[in-house]
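Chemist: requesting a structural model of the entry that follows:
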Amino acid sequence: MQQLKLAGAVVTHCGNVRQVNEDAVCERPLANIWAVADGMGGHSRGEWASAKISEFLSDVAVPDDFDQACHALADSIHEANRVIFTESRERGEQMGSTVVALHISDDRFAILWIGDSRAYLLRDGQLIRLTTDHSLVQEMIERGALDPAEAARHEMRNMLSRAVGVMDDVQVDIVVDQALPEDVFLLCSDGLTGQLSDEEIAAVLASQDTRKAVETLLEQVLERGAPDNVSIVAVDVGEPTQLMITEVDGVLGEADAAQDPGAA
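Modeler: Sure thing, here's the model as predicted:
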């Protein structure tokens, strides 16, 4: 049996302008789950919505089966959507949040997302964006009505086409693929991608370990003014541990074959 070694690092900051951090981060290393949610609606409304998503992802029971685990995570996001939407209607105030989540099991990974919080994969020195923004600007790009180079400066760049809690039901997008040793996953709110280019993010991830990388990325955002909240999660995939089952005096146990290659 092979189990990839994972090491995650997380930072979240309100930025240099905002007084309230409406981002929320879910970190469950024992279940191999990480997520970032970016609240919208202003002050306590956005903060409450993102925290509710993090709460549901933190509490969901994760099956051992990978496909079932993906369904469970998607279901928890749908449940958060219903709770936020109901609360929004009762208050008479709009609230909502983006979310991007990562789950890794054995050698497979899944990215689930709604909104413009993003997931990236650094593999062989190349930074690959795994998510597509659910935004009006992205829809304009896909229709050929906007040049991608103009998107970062467009006046509608912060307008979402999909978010958690805005409607009574919402579609969760998912990408599933194989995880490889030396992969680095990055989850972030748009407080990062609004200030740093993909090339700048890739340079930091490729040159530093995950803990130092998230700290450096945050420092660079703060140096550029950090007009928005920023949350960053980096997860490093290490070489798998080779495990084999041995029997000693009738008792089953696990032995690390990599540490004792002579054991057979």
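
Chemist: for the protein, just list every one of the strands.
Modeler: Counting by DSSP state E, the segments of the chain that form strands are 2-13, 23-28, 33-40, 96-97, 99-105, 108-114, 118-123, 126-129, 173-178, 184-188, 230-248, 251-256.

Chemist: ok, and what's touching stretch 201-219?
Modeler: The list of residues contacting stretch 201-219 from outside it, by C-beta atoms under 8 Å, 6 or more residues apart in numbering, reads 7-11, 13, 120, 122, 125-127, 184, 186, 192-193, 196, 220, 230, 232-236. Every residue, glycine included, has its C-beta placed from N, CA and C.

Chemist: quick check: PyMOL command selecting the buried ones in those.
Modeler: Of the contacts of stretch 201-219, the buried ones go into a single PyMOL selection, burial set by 16 or more other C-beta atoms under 10 Å:
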select buried, resi 8+9+10+11+13+120+122+127+184+186+192+193+196+220+230+232+233+234+235+236
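
Chemist: pLDDT at the closest residue to I128 other than its chain neighbours, what is it?
Modeler: Counting by C-beta to C-beta, 6 or more residues apart in numbering, L121 is the residue found nearest to I128 once chain neighbours are left out, at 4.6 Å. Model confidence at L121, given as pLDDT, is 98.

Chemist: quick check, L121 in contact with T131.
Modeler: No. Between L121 and T131 no contact is recorded; they are 10.3 Å apart, counting by C-beta atoms under 8 Å.

Chemist: where does pLDDT dip in the chain?
Modeler: Regions of the chain meeting the criterion pLDDT under 70 cover residues 1-2, 42-44, 142, 145-147, 149-158, 241-264.

Chemist: where is the longest helix in it?
Modeler: Among the elements of the chain assigned as helix by DSSP state H, the one spanning the most residues is helix 66-91.

Chemist: about what we covered before: in the sheet, who's paired with the residue nearest to I128?
Modeler: For L121, the beta-bridge partners are I128, F185 (DSSP bridges).

Chemist: what sits against C26?
Modeler: Contacts for C26 (C-beta under 8 Å, 6+ apart) come out as I33, W34, A35, V36, A37, I53, S54, L57, S58, A101.

Chemist: rebuild these as TSV, extending it with distance to A206.
Modeler: Rendered in TSV, the data for those read as follows (distance: C-beta to C-beta, whole Å):
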residue	distance to A206
I33	25
W34	20
A35	24
V36	21
A37	27
I53	30
S54	29
L57	29
S58	31
A101	24
